[in-house]
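Asker: Give me coordinates for this.
(one chain, ligands or ions: 1)
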Amino acid sequence: MMLCLDGQFSEQELSERDELDLRNVSANIWPTVLSRCKANELRLYNLKLASLEGIDRLTNTRRLTLEWAKKIETLEPVSRLSGLTYLAIGDFPRLRHLDGLEKLSELTELRLSGSQGGGSPLRLESIEPVTRISKLTRLSLANAKFEIDDITSLVRCTHLRHLSLTNQFDRSQVAFLASRLNKQLAEPLTAYVKTHLRCMKCNSLTSMFTGRRMPFLCPACDTSRFEKLTRQFEQMMHNA
Ligand SMILES: [Zn+2]
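Answerer: Numbers count the residues shown, from 1 in each chain. As a prediction, the model looks like this:
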C-alpha cells in the first residue's frame with residue numbers, strides 16, 4: 001500500500017497495513033509515522049528529514065527500505081532497530097559511514113546503492129562495518145564507492161551466500177574474493193558475465209568482464225582477448 005504523506009492519506013491505513021510504501025516523509029509527519037506505523041515491511045521514499053532519530057520505535061518492522069534522503073548523514077538510529085532482517089539503503093548523497101550497522105544481529109540481507117540509473121554514487125569511507133554483521137547472507141553493492149578502496153575484507157563474511165557487485169570494483173580484489181568465497185556462494189564470482197547486449201558485427205551475446213574499466217567482448221569476434229582476460233582472472237584467483 002502506497003501513501004503519499006504530503007497529501008491526503010488515511011491514518012487508518014498507516015496504522016493497520018502490514019506492508020507500506022510511504023512517500024515524501026517530512027519532519028512534520030515523522031512523529032505520526034513513528035507512533036502509528038506497525039508495518040512489518042516498510043519502504044520510506046523521499047525522506048526530507050535531517051535525521052532518522054526515533055526510527056527505533058518502529059519495532060514491528062523487519063524489512064526496511066530507505067530511499068532518497070538528501071540530508072541524512074548517519075544510519076546510527078537504524079542500528080537500534082534490532083529486529084531488522086532486511087535493510088536496503090539507496091541514494092543517500094550525504095551518508096559517509098555505516099558505523100553501528102554491525103549491531104543488527106538479525107540482519108541477513110543488506111543492499112547498498114547510490115542513485116538509480118548511474119547518477120551520483122553512494123560514497124562511503126569503508127565497507128568494513130558490513131563485515132561485522134554476524135548473520136549476513138546476502139549483500140548487494142551497486143553504484144557505491146569507498147574512500148578506503150578495498151572490498152577484500154568481505155572475506156570475513158562467513159555466512160555470505162549471495163554477493164552482488166556492480167562492475168566498479170578492482171578486478172584483483174574481486175578475484176581475491178572469488179578465490180576465498182566461491183565455495184560458499186550460490187553463484188560464484190567469475191571472470192565475466194553474459195549480457196543481453198548483442199555484438200554489432202555477428203549478433204552474438206556479449207560478455208561483460210569483471211572489474212573496473214573492463215570491456216564488453218564478443219566471444220566470437222574478440223576470441224583472443226576474451227580468452228586472455230579469462231585466463232588473467234583465473235591466474236589472479238590462483239595467486240590471491
Ligand atoms: Zn561478434
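Asker: switch to C-alpha atoms for all contacts and neighbour counts from now on
Answerer: Will do.
Asker: Next one: residue 172, what pLDDT does it get?
Answerer: Residue 172 is assigned 97 on the pLDDT scale.
Asker: what residues does stretch 152-170 touch?
Answerer: Contacts of stretch 152-170 with the rest of the structure, by C-alpha atoms under 8 Å, 6 or more residues apart in numbering, involve 127-128, 130-143, 151, 173-174, 176-177, 180-181, 184-187, 210-213.
Asker: The same query, at a cut-off of 7 Å, please.
Answerer: Stretch 152-170 is touched from outside by 128, 131, 135-143, 173, 176-177, 180-181, 184-187, 210-212, with contacts defined as C-alpha atoms under 7 Å, 6 or more residues apart in numbering.
Asker: how far does that stretch stretch from start to finish?
Answerer: 10 Å (C-alpha to C-alpha, to the nearest Å).
Asker: What parts of the chain come near the ion?
Answerer: Applying C-alpha under 5 Å from the ion, we find that the chain lies next to the ion at 199, 202, 218, 220-221.
Asker: hmm, 8 Å instead?
Answerer: Proximity of the chain to the ion (C-alpha under 8 Å from the ion) is limited to residues 198-206, 217-222.
Asker: wait, which of those is closest to residue 109?
Answerer: Using C-alpha to C-alpha, residue 206 is the member of these that sits closest to residue 109, with 30.4 Å.
Asker: residues near the residue nearest to the closest one when sequence neighbours are not counted, how many?
Answerer: With sequence-adjacent residues excluded and distances taken as C-alpha to C-alpha, 6 or more residues apart in numbering, residue 206 is closest to residue 218, at 4.5 Å. As a burial measure, residue 218 scores 23 neighbours (other C-alpha atoms under 10 Å).
Asker: residue contacts, residue 218?
Answerer: For residue 218, the contact set (C-alpha under 7 Å, 6+ apart) comprises 199, 204-207.
Asker: Which ones among the contacts of stretch 152-170 lie within strands?
Answerer: Assigned to strands by DSSP state E, the following of these qualify: 138-142.
Asker: and those residues as JSON lines, adding neighbour count, distance to residue 114 and pLDDT?
Answerer: Conversion of the ones in strands among the contacts of stretch 152-170 to JSON lines gives the following (neighbours: other C-alpha atoms under 10 Å; distance: C-alpha to C-alpha, whole Å; pLDDT from 0 to 100):
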{"residue": "138", "neighbour count": "19", "distance to residue 114": "18", "pLDDT": "98"}
{"residue": "139", "neighbour count": "21", "distance to residue 114": "15", "pLDDT": "98"}
{"residue": "140", "neighbour count": "16", "distance to residue 114": "12", "pLDDT": "98"}
{"residue": "141", "neighbour count": "20", "distance to residue 114": "9", "pLDDT": "97"}
{"residue": "142", "neighbour count": "20", "distance to residue 114": "7", "pLDDT": "95"}
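Asker: what's the helix ranked longest in the chain in contact with?
Answerer: The single longest helix within the chain, with elements called by DSSP state H, is helix 223-239. Residues from elsewhere that reach helix 223-239, judged by C-alpha under 7 Å, 6+ apart: 172, 175-176, 178-179, 191, 217, 219.
Asker: Neighbour-wise, which one of the residues you listed leads?
Answerer: Neighbour count (other C-alpha under 10 Å) singles out residue 175 as the most crowded of the contacts of helix 223-239, with 27 neighbours.
Asker: contacting residues for it?
Answerer: 233, 236-237.
Asker: want to throw those residues into a markdown table with pLDDT, distance to residue 162 and neighbour count?
Answerer: Shown next, in a markdown table, are the contacts of residue 175 (pLDDT from 0 to 100; distance: C-alpha to C-alpha, whole Å; neighbours: other C-alpha atoms under 10 Å):
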| residue | pLDDT | distance to residue 162 | neighbour count |
| --- | --- | --- | --- |
| 233 | 98 | 20 | 23 |
| 236 | 97 | 21 | 18 |
| 237 | 97 | 19 | 20 |
